[in-house]
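1. Output the structure for:
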Amino acid sequence: MYSNFGGWRKEITSIREYVNLLIPIFLENFPENSNPLEDRIRDLAHEAEDLIKNSMLNQSRMYWWSFMLSRVKLKRRLKRVREEIGSITAEMMDGSITANLSSRVASTGKKDVVIGLDDDLIAIKGRLCGESSKLEVIPIVGMGGIGKTTLAQNAYDDQMILEHFHIRAFVQVSQDYSAKEILSNLLASIKLFEEHTLGETNESEIAENVYKSLKGRRYLIVMDDIWSTEAWDDVRNIFPDDKNGSRIMLTTRLSDVAAYVSSSSPLHQMKFMDGSHSWNLLKLKVFRNGQDLEFPELEDMGKEIARGCRGLPLAIVLVAGILSTVDKTRASWEEIGKNINSVVDRQLDEILSLSYMHLPHHLRPCFLFMAAIPEDHSIRVSRLIKLWVAEGFLKGQGLEEKAEEYVEDLVKRSLVLVTSWKSNGKIKSCSLHDLVRDMCIRKAEEEEFLLTDRYVLINARKHERRISIGHPRLNSFSYFLECCITIHTILFFRIPGQTSLAFLVRFRLLRVLDIMRCSDVLVPPQVFELIHLKYLALGFPFVIPAAISNLRNLQTLIIGPKAGFSDQALFSPYLPLEIWRMPQLKHLIFYDSFKLPDPADGPTSLPLENLQTLSFVRSFACRKRNPKMFPNLKKLGLVYFKNVDHLLLHNLKDLHQLEKMKITAKSRSFSCKWQIDPVYPSSLKKLTLEGWQLGLEGMRIVGSLPNLQVLKLKDCACDGDTWETTDGEFPQLQYLRISRSNLQHWITEDDPFPRLKCLVLYRCPYLNEIPDSIGEIPTLEQIKVDVLNRSLMKSAKEIQRVQREYGNEAFQTYCIHTMR
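-> Residues are numbered from 1 along each chain as shown. This is a model prediction of the structure:
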């Protein structure tokens, strides 16, 4: 049949695979009764058949140009049929899953074997049957499809749980809930254990009946898929606390909902499956008995398919549903492996899209913008925030602080993953799970918000606003980019060296240009005539011309790091004097240091009153007038490559808004010769000293800072082998790191560091003991110690024992293998 339809084989094959997948689901769920879906499936099957037959019939009657036109029309129509059948498949599978869950409410029958959730199940069962007699709420949190409901259902059906609780009820809440519906479903589930039927007419009577049914009995209530705190508030008062060990377990994608429901109880955060568990689950679902010995030739291909599901159980189940319908041959599985994404993504997109549709409007553009991040990449939150601000996604005052809250909100909603944390407990970098990213890209493209290189060649429109390019072959896209003159944002993540970006001058409306990851590209000087630019990130090395002052709206200027450029001292770009004529500038960041011109050398130099970030400045001498040139500076980074006699850093005290500062000495022969003891601004919250060889008196000055919360001492930042800390020093310090130090003796008197939470000691080979008084700090949460220093680890373990005796069960010690 396909011999004359090679160009449409993919469409016809996809239609057949969808139908093969639908048949067992349809027969299982609708064996007798007719269903509206049946009519839709039949009509589509007839349409596909008629299209193919008519085309076959007309082939011999057409001239070649008519035949070619017919081929194009047929392929388009078959694609539409295939997409609609795919939509029906998604609807059917979703209905099947829902039906299966409904049939298991309050079930004590046979349940599915749990794969990859053993530790989770043990932890949940331990909390359900714990010693606490008071009513406890146990929240299970994670993204859609990660297995929250499966875990809750298996715990609910466990024999030990069955025997422990007198009464159980399992209800699904979902987004579009009503309080009466939740109460009715609770009562219906409870009635499975009751010998009589309770009458109910209105919401208050139903609530009263539920309360009476639970009163005096040890009960377990599972509330699945909660989306709002209001849903909990509507029912919380119907659960009596008779101090008999009753429990409520709920699942949600939103960690803030979970925290609201159970402020005193820890959240159970779901994790992704590893490759081994993914393959085991796939085997179980495809071969039923979980054995693949009869088909050893499928193992390699099966493992590859399982890895492609990226640790999400729901994706594995959907793939298994398709694999179970085809022949158990390598050729069949390879074919499925090539085309499986289109089927799985359609199912998962509907599930994950619920999280997007539930986003408030102010978060939607922020989330969609993350479609620009390449696959398997993380982005620093500080950089992401600057991009959001330049895009205009935030309004009002305190934009950076507000943007941090937006990131935290997206994390709480299980849409964004945290990839690293800052020392102060805030999010340092983040990313998207592959499946969430796929959904994000589709939404961004559908809403004409942002176009990635995945779609540029296919869907580039004349009025594009934002484009992200991660493909190394830029020439493939240059034609399409030149057609989209309305572009406001271009993000390049991969460009070959010596590539010309001359086409950029066409985009007169450009607001954001990021080519920081692309070194040695040829940036045309006309870029500095794009007066609407607010965000400009370039690769290293790059000489900034005097024309930079043309960018009068520029808020952020970044020169990125140069990979493989080992000696930064050989090249340190100078900024032109014109930098002092850019009043809108907020962030001036050079990853590998730059030389800041003396404002006194320019007759038209103006204070940069909006400047908040200045790093890293090379050989900076803080003259008396300097703080007046950037009075609102919050973050400062300084780098020195040789001895400087007149640093004048005592003038730093006049930077009254400064919160973060890092001072680095790159030369090992460097020794600091203070002319006047440094005076830091009292506003300082974070200080990093690297290679600085600060003396004992200098450390006492640091210890007196009233607002210092984070202190990092790296590469022999302290001079000498002894450090004495006394009572009253470091009153607000929460994080202390000492790394690559020659420190031998740490002496404490009375109670310094009264608020310390985390202590990190890395590559301190001569330090053998942590002071006893550190172990008595009531706020201490963790100590991290170099794995090679066994005596320090022993000392940390002793502190852990003391902390546990004080009742601090959450205290932990960690071994560090590597650290930046």
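2. so where is the stretch 301-450 of the chain shaky, pLDDT-wise?
-> By pLDDT under 70, the low-scoring segments of the stretch 301-450 of the chain are 318, 321, 325, 339-348, 351.
3. Dig out what the residue positioned nearest the centre of the chain forms beta bridges with.
-> With distances taken as Cα atoms, centre = their mean, residue 417 lies nearest the centre of the chain, 2.1 Å away. Taking DSSP bridges as the rule, residue 417 bridges to residue 431.
4. Identify the residues contacting it.
-> When contacts are counted by Cβ atoms under 8 Å, 6 or more residues apart in numbering, residue 417 touches 411, 430, 431, 432, 433. No exception for glycine: its C-beta is placed from N, CA and C like everyone else's.
5. Swap in 7 Å and give it another go.
-> Taking Cβ atoms under 7 Å, 6 or more residues apart in numbering as the criterion, residue 417 is in contact with 430, 431, 432, 433.
6. What's the local residue count around residue 396?
-> Neighbourhood size, residue 396 [other Cβ atoms under 10 Å]: 6.
7. how about it, what does it touch?
-> Counting by Cβ under 7 Å, 6+ apart, there are no residues that residue 396 touches.
8. I'd like to know how far it sits from residue 613.
-> Remark: distance between residue 396 and residue 613 (Cβ to Cβ, to the nearest Å) = 20 Å.
9. And residue 504, by the same measure?
-> Counting by Cβ to Cβ, the gap from residue 504 to residue 613 is 25 Å.
10. Tell me where the stretch 101-250 of the chain is predicted with low confidence.
-> 101-114, 174, 176, 191-201.
11. Would you map the helices across the stretch 201-350 of the chain?
-> Assigned by DSSP state H, counting those that start in this stretch, the stretch 201-350 of the chain shows helices spanning 203-214, 229-233, 255-261, 275-287, 299-308, 313-323, 330-357.
12. Tell me how far the shortest one lies from the chain's centre.
-> Relative to the centre of its chain, helix 229-233 is centred 26 Å away, using Cα atoms, centre = their mean, to the nearest Å.
13. Just the residues contacting that helix, thanks.
-> Against helix 229-233 from outside (Cβ under 7 Å, 6+ apart): 173, 177, 226, 257, 260, 261.
14. Tell me the one of these nearest residue 523?
-> Closest approach between the contacts of helix 229-233 and residue 523, by Cβ to Cβ: residue 257, at 46.9 Å.
15. so who does that closest one touch?
-> 226, 228, 229.
16. Likewise for residue 128?
-> Contacts of residue 128 by Cβ under 7 Å, 6+ apart are 138, 155, 161, 220, 247.
17. could you redo the last one with a cut-off of 6 Å?
-> Each residue near residue 128 by Cβ atoms under 6 Å, 6 or more residues apart in numbering is listed here: 161, 247.
18. Could I get the phi/psi values of it?
-> Main-chain torsions, residue 128, degrees, to the nearest 10: phi -70, psi -40.
19. ok, back up a step: which two from the contacts of helix 229-233 end up farthest apart in space?
-> 177 and 260 (16.1 Å).
20. quick one on the thing from earlier: which one of the contacts of residue 417 has the most neighbours?
-> residue 432 (24 neighbours).
21. buried stuff in the strand or helix carrying residue 163?
-> Secondary structure assigned from DSSP states H and E places residue 163 in helix 159-164. By neighbour count on 16 or more other Cβ atoms under 10 Å, the buried set for helix 159-164 is 161, 164.
22. Also stretch 600-609?
-> So for stretch 600-609, counting by 16+ other Cβ under 10 Å, buried means 605, 607, 608.
23. Equivalent analysis for stretch 255-272, please.
-> Residues 255, 257, 258, 259, 261, 262, 267, 268, 270, 272 are the ones in stretch 255-272 that count as buried (16+ other Cβ under 10 Å).
24. what do you get for stretch 271-285?
-> 272, 273, 277, 278, 279, 280, 281, 282, 283, 284, 285.
25. One more: stretch 401-419?
-> In stretch 401-419, counting by 16+ other Cβ under 10 Å, buried: 402-404, 406-418.
26. ok, these vs residue 708, which is closest?
-> Within these, proximity to residue 708 (Cβ to Cβ) peaks at residue 404, which comes in at 20.4 Å.
27. before we move on, which element is the closest one in?
-> In the assignment (DSSP H and E), residue 404 maps to helix 399-412.
28. Tell me the pLDDT of residue 745.
-> pLDDT for residue 745: 92.
29. Over to the one 3 residues further on?
-> In this prediction, residue 748 carries a pLDDT score of 89.
30. What's opposite it in the beta bridge?
-> Note on residue 748: beta-bridge partners residue 725, judged by DSSP bridges.
31. Give me the number of neighbouring residues for it.
-> Residue neighbour count, defined by other Cβ under 10 Å, stands at 18 for residue 748.
32. Then the one 5 residues further on?
-> The number of residues packed near residue 753 is 24, by other Cβ under 10 Å.
33. Now do the closest residue to it other than its chain neighbours against residue 544, distance only.
-> Take residue 753 and drop its neighbours on the chain: the residue closest to it by Cβ to Cβ, 6 or more residues apart in numbering is residue 730, 5.1 Å away. According to Cβ to Cβ, residue 730 and residue 544 sit 40 Å apart.
34. for residue 794, same thing?
-> 53 Å.
35. More neighbours: which of the two?
-> Taking neighbours as other Cβ under 10 Å, residue 794 and residue 544 compare with residue 544 leading, 19 against 13.
36. circling back to that earlier point, closest one to residue 736 out of the contacts of residue 417, please.
-> Comparing the contacts of residue 417 against residue 736 with Cβ to Cβ places residue 430 closest, at 25.7 Å.
37. got a list of what that closest one touches?
-> 416, 418, 419.
38. show me the contacts for the second one.
-> With contact taken as Cβ under 6 Å, 6+ apart, residue 418 is in contact with 411, 427, 430.
39. hang on, the earlier thing: tell me the pLDDT at the residue nearest to residue 753?
-> Confidence score, pLDDT, at residue 730: 95.
40. That one contacts residue 751, doesn't it?
-> No. The criterion here is Cβ atoms under 6 Å, and residue 730 misses it with residue 751 at 10.4 Å.
41. more neighbours, the two?
-> residue 730 (22 against 15).
42. who's in contact with that one?
-> Residue 730 neighbours (Cβ under 6 Å, 6+ apart): 703, 752, 753.
43. Kindly provide the distance from the last one to residue 731.
-> Applying Cβ to Cβ, the value for residue 753 to residue 731 is 9 Å.
44. just residue 338 next, same as before
-> Distance from residue 338 to residue 731, by Cβ to Cβ: 62 Å.
45. swap in residue 763?
-> Applying Cβ to Cβ, the value for residue 763 to residue 731 is 28 Å.
46. Could I get the phi/psi values of the closest residue to residue 535 other than its chain neighbours?
-> Nearest residue to residue 535, sequence neighbours excluded (Cβ to Cβ, 6+ apart): residue 390, at 3.7 Å. Backbone geometry at residue 390, expressed as degrees, to the nearest 10, gives phi -60, psi -30.
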